[in-house]
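1. kindly generate the corresponding structure for this input.
(chains A and B)
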Amino acid sequence: MSDLTRLSAAEQSALLESREISSVELTKAHLDRIAETDSDLGAFLHVSDDALTIADEVDAARAGGVSLNPLAGIPVAVKDVLCTLDMPSTAGSKILEGWVPPYDATPVARLRTARMPLLGKTNMDEFAMGSSTEHSAYGITRNSWDRTRIPGGSGGGSASAVGAFQASLALGSDTGGSIRQPAAFTGTVGMKPTYGGVSRYGAIALASSLDQIGPVTRTVLDAGLLHDIIGGYDHHDSTSISDEWPSFADAARRGARGESLKGLRVGVVKELDLSGFQPGVTARFHETLTMLAAEGAEIVDVSAPNFEYAVAAYYLILTAEASSNLAKFDSVRFGLRVTPNGTPTVEDVMSATREVGFGAEAKRRIILGTYALSAGYYDAYYGSAQKVRTLIQRDFAAAFAQVDVLVSPTAPTTAWKVGENLDDPLAMWLSDITTIPVNMAGIPGISIPIGLADEDNLPVGLQIMAPARDDARLYEIGAAIEALLDAKRGSTFSALTPAFTGGAN
Amino acid sequence: MAKDALMDFDKALEKFEPVIGLEVHVELSTKSKMFSSASNVFGADPNTAVTPVCLGLPGSLPVVNKDAVRYSISLGLALGCEIAETCRFARKNYFYPDLAKNYQISQFDEPIAFEGSLEVELDNGDIVTIPIERAHMEEDAGKLTHVGGATGRIQGAEYSLVDYNRAGVPLVEIVTKPIYGTEGRAGEVARAYVSTIRDIVRGLGISEARMERGNLRCDANVSLRPRGDEKLGTRTETKNVNSLRSIERAIRYEIQRQAALLDKGTAIIQETRHWHEDTGTTSPGRPKSDADDYRYFPEPDLLPIRPSRELVEELRAALPEPPAAQRRRLKAEWGFSDLDFKSIVNAGLLVEVRETVEAGANPQSARKWWMGELSRTANEMNVEPSSLVTPTQVAELQSAVDAGTINDKLAREALAGLIANEGTVAEIIEKRGLTVVSDDGALIAAIDAALASQPDVLEKIASGKVEAAGAIIGAVMKAMGGKADAARVRELVIERASA
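-> As a prediction, this is how the structure comes out:
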């Protein structure tokens, strides 16, 4: 069955449970798809060589009547930012080339406990710094929808892998939009959970107070199924939330049954100036609002006056934390070591290693962050940025007093051409204007595909936001909107994906 | 500075007023490290007591050790500090190979304990109050061993070895405010202060507090100002002075060195200095300025610590008696002379002697064991007496002596058995066959034999010269393999000789 890869994980799960297919067949289909397409796509940095062994074990367990997780036997791709015992974990950086960690990140360990074969590690901007996956030390990833375009970033590898049917499920990390923006650009679903909802243990840190691990899939239900596995308290992460979480898959199923939209109060931030957005993006967004209103939702303008400072404050907090988090890459204990000629001191070796090992974007952010934390500048930069963060949290709190969810386009544009924004870092940074406030406030946000932009026929994403700890609401509302759109379209969104069989585009 | 270039100490004090400040690092004896589950042990093979967290591996995250927080609160309370209602950890950023993450998790503007004071007692009984600025929690760094080069320092070394076993060991850093008015006793005050902290942390049971192992480390800040000046002089910070005696010497040296420089009109350089035990001098380390930029910021991987008031009060109620008060009480209860009591304190064995007495031994015997046989043996083995046996074992040993089961000589043998871990006192007496012979019949037979072989001695004793009995007692003790109660033998010898 060559089209197994086109199915959602939930559909694959049903076939596995009814024994119509085996995990070995399913896993092999995805490995074949990767082999066929990845030389063009560049989604994977490393493909596992024991996925089939795990699949075989799951099949045996199932035959033996062992009770299994719904996703057992379904292969999954993992962003290279997460530590894996059996595969190199480089975060897209040359400074970690070939590094195999002695431990699994908690979300990865939970995938293994659920008996999901790991397909491999997906490409990303170095240390998750970027919005296009052009800043990986190991080459670019192309957009699964159009190989002349970038897939978004930093998690372009996971998004394109899922978009190109190399995997039905993947893990990503989201510091300022790195799950949601690539999801929007590739027509996939990307969820950034509430801060603390998924353990960060074993996720190579970019900005500790902003980073969050989450699912990348083609349907909202699949994201909920995967979130149910990776989420929940972990004593290895002090910022992990100890609450009991409801089933996110159940929330998605509830939403898909309808009724969730009637009476729903949907907020739109009036300060978010859509006039600068790509017309095709704005058009799909407004259509969606109209559709929601027709379903009985109430569309409410809300004010979030401090959002305009979010990007500036974000780049101070992110760079400050990153400058400290990336200090450990010094060649002493692991990773790359560059030894200059002569009789170098340890400082010389550290300096040479970091000069060679870090890419331009990483260096840019380390220097900015070091400056922002320096004595005499701390209050003006890092201190002020933290105050802005508090104000953004208050804006969200005030908004959620009036509405159940907030919505926006996930990104101002559709996917741009490879190389287009490379010499303009500021333009690249501004592309995250819609997603950044969510990380600053620690709330959950999901991106779901809502159509294609008229001018370029590329996917447009809708971002839905909810109060902290109410991730279930996003799965319910996301699945409700997805079901409506699928019904109108008469197919899933991913069925629209242009054919791509490898070879020249 | 050559010794003859130093200014005479008394002359230095005539011209200048010394101001000192002390930073004491206490390694806490928790089971695991400050932020990881790695075990907190001394002397393990290099890099074996480590986890990804202590090695700073990518993706690893710190988790606060709750015991370390409790210990820190107890210590803060014992130092008379206020305990913060909420406090945070902060990252102190600097690159050094013994610092796995290239930042140290410490506390910056929100220490767990602050604004305290500590009374310390000087040799002559004077009490000095030391103002405490703060006590904060942090993690220790790894240990570097510089190989090659003459000095064992990084300069000139061929390469350096790093052991991360110590990386992440919980520390409390106690910082005093400037201490004024110590004058000629600056060194003594510093020594008494560190000694008091040692007693406190041992009394609390939160640190081994062994300076030679670095469990307790002192950095001494010294500055001088000309008599009559308000403004503080430039200070130096002498690092890691690792014995009580050295603290006193180092401060004295710095006063004499700085006075000589200032007297010549040479400015003092603000810097860290290394103490050299062998020469009794300090040498320059690295320059240190107030502008050292560690780029502190709140540690985003950890939540703020908010010790409940119930916990603080519970720990306050469990505080042991302050050391100075306890010493006064024990000295009186035990009826010791100043000299005897001070010798115990100076040997750092007060805790051991007290616990031995608490376990049932009489104070004189407890003192005798710890200050005598145990100190001697420990000295030979180059270890601490406390590492040889427990106070309970010593009390059991003494109890066997008091009961007449063994004599002093046999008790020393039993002690050797205890040190060799051969079992309980009773087991060792049994295994080594150390019981004294209490059967008069066996003793009388040995006495009669000895008297028969030395008729001249027999005659002397019989004629009333009882001091001659010594020779017979010796022979009998030898014949009994030492396992006889010498007093009983003496009684019997006189009885038999006079019969």
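
2. if I look at residue A:225, how far off is residue B:483?
-> 80 Å (C-beta to C-beta, to the nearest Å). (C-beta placed from N, C-alpha, C; glycine too.)

3. the more surrounded of those two?
-> residue A:225 (28 against 17; other C-beta atoms under 10 Å in any protein chain shown).

4. who's in contact with the closest residue to the more buried one other than its chain neighbours?
-> Closest residue in space to residue A:225, ignoring its immediate chain neighbours: residue A:249 at 4.6 Å, by C-beta to C-beta, 6 or more residues apart in numbering or on different chains. Residues in contact with residue A:249, defined by C-beta atoms under 8 Å, 6 or more residues apart in numbering or on different chains, are A:70, A:221, A:224, A:225, A:227, A:228, A:475.

5. redo those as JSON lines? Include secondary structure, pLDDT and distance to residue A:28.
-> JSON lines is the format used below for the contacts of residue A:249 (DSSP: H, G, I helix; E, B strand; the rest coil; pLDDT from 0 to 100; distance: C-beta to C-beta, whole Å):
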{"residue": "A:70", "secondary structure": "coil", "pLDDT": "97", "distance to residue A:28": "21"}
{"residue": "A:221", "secondary structure": "helix", "pLDDT": "98", "distance to residue A:28": "24"}
{"residue": "A:224", "secondary structure": "helix", "pLDDT": "98", "distance to residue A:28": "26"}
{"residue": "A:225", "secondary structure": "helix", "pLDDT": "98", "distance to residue A:28": "22"}
{"residue": "A:227", "secondary structure": "helix", "pLDDT": "98", "distance to residue A:28": "26"}
{"residue": "A:228", "secondary structure": "helix", "pLDDT": "98", "distance to residue A:28": "26"}
{"residue": "A:475", "secondary structure": "helix", "pLDDT": "98", "distance to residue A:28": "30"}
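
6. residue 350: neighbour count?
-> Assuming you mean chain A. 22.

7. that answer is for a different chain, and I need it for chain B
-> Residue B:350 has 20 nearby residues by other C-beta under 10 Å.

8. these two touch, right, it and residue B:199?
-> Yes: the pair residue B:350 / residue B:199 is scored as a contact, 7.0 Å apart, by C-beta atoms under 8 Å.

9. dihedrals phi and psi, the residue in the stretch 51-200 of chain B that chain A sits nearest to?
-> Distances between the stretch 51-200 of chain B and chain A by C-beta to the nearest C-beta are smallest at residue B:102, namely 3.5 Å. Residue B:102 adopts backbone torsions of phi 60, psi 20, taken as degrees, to the nearest 10.

10. ok, residue A:334 next?
-> phi -160, psi 170.

11. tell me, how many residues neighbour it?
-> 19.

12. could you pull out the helices for the stretch 101-250 of chain A?
-> Remark: helices assigned in the stretch 101-250 of chain A by DSSP state H, counting those that start in this stretch are A:106-113, A:156-163, A:180-186, A:220-230, A:248-256.

13. again, but for the stretch 51-200 of chain B
-> Using DSSP H, counting those that start in this stretch, the helices found in the stretch 51-200 of chain B span residues B:66-78, B:186-204.

14. which one of these has the lowest average pLDDT?
-> When those are ranked by mean pLDDT, helix B:186-204 comes last with a mean of 94.

15. next structured bit after that helix?
-> strand B:216-226 (DSSP states H and E).

16. what lines up beside that following strand in the sheet?
-> Applying DSSP bridges, strand B:216-226 is found paired with strand B:16-27 (antiparallel), strand B:236-241 (antiparallel).

17. so which bits of that strand are buried?
-> Across strand B:216-226, burial judged by 16 or more other C-beta atoms under 10 Å in any protein chain shown covers B:216, B:217, B:218, B:219, B:220, B:221, B:222, B:223, B:224, B:225.

18. report the rounded mean pLDDT for it.
-> 96.

19. quick one: work out the angle between it and helix B:186-204.
-> 150 degrees (axes from the mean of the first three to the mean of the last three C-alpha atoms, to 10 degrees).

20. how far off centre is strand B:216-226?
-> In terms of C-alpha atoms, centre = their mean, to the nearest Å, the centre of strand B:216-226 is set 21 Å apart from its chain centre.

21. quick one: the strands in the chain?
-> Looking at chain A here, since you left the chain open. A:44-47, A:76-79, A:118-122, A:169-173, A:189-192, A:213-217, A:265-269, A:298-302, A:405-409, A:445-452, A:459-465 (DSSP state E).

22. that's the wrong chain, I wanted chain B
-> B:16-27, B:82-83, B:90-93, B:103-106, B:113-121, B:127-139, B:143-147, B:159-163, B:170-176, B:216-226, B:236-241, B:271-276, B:281-287, B:297-298.

23. counting by contacts, list what the longest one packs against.
-> For strand B:127-139, the helices and strands in contact under the criterion 3 or more C-beta pairs under 8 Å, 6 or more residues apart in numbering or on different chains; DSSP states H and E are helix B:66-78, strand B:103-106, strand B:113-121, strand B:170-176, helix B:186-204.

24. what's the burial count for residue B:34?
-> With other C-beta under 10 Å as criterion, residue B:34 counts 29.

25. can you list the domains in chain B?
-> In terms of domains, chain B is parsed into B:3-310, B:321-432, B:440-498 (source: automatic domain parsing).

26. for residue B:433, what are its contacts?
-> Counting by C-beta under 8 Å, 6+ apart, residue B:433 has contacts residue B:483.

27. I figured residue B:57 was touching residue A:333, is that so?
-> Yes: using C-beta under 8 Å, residue B:57 makes contact with residue A:333 at a distance of 7.4 Å.

28. so between the two, which is more surrounded?
-> Per other C-beta under 10 Å, whichever of residue B:57 and residue A:333 has more neighbours is residue B:57, with 23 against 16.

29. list the contacts for the more buried one?
-> Per C-beta under 8 Å, 6+ apart, neighbours of residue B:57: A:101, A:102, A:103, A:333, A:334.

30. phi first, then psi, for the nearest residue to residue A:334 once chain neighbours are set aside.
-> Spatial nearest neighbour of residue A:334, excluding adjacent residues (C-beta to C-beta, 6+ apart): residue A:99 at 5.7 Å. When quoted as degrees, to the nearest 10, the phi and psi of residue A:99 stand at phi -70, psi 120.

31. isn't residue A:99 up against residue A:89?
-> Yes: contact criterion C-beta under 8 Å: residue A:99 and residue A:89 qualify, at 6.2 Å.

32. the two - which one has more neighbours?
-> The neighbour count for residue A:99 versus residue A:89, taken as other C-beta under 10 Å, is higher for residue A:89 (28 against 18).

33. contacts only, for that one.
-> Neighbours of residue A:89 in contact, by C-beta under 8 Å, 6+ apart: A:80, A:81, A:82, A:83, A:96, A:99, A:100, A:101, A:121, A:204, B:58, B:59.

34. may I ask which two of the residues you listed are separated the most?
-> A:81 and A:100 (14.8 Å; C-beta to C-beta).

35. chain neighbours aside, what residue packs nearest to the residue nearest in space to the middle of chain B?
-> Nearest to the mean C-alpha position of chain B, by C-alpha atoms, centre = their mean, lies residue B:210 at 4.1 Å. In space, residue B:210 comes closest to residue B:384 once its chain neighbours are excluded; the distance is 6.4 Å by C-beta to C-beta, 6+ apart.
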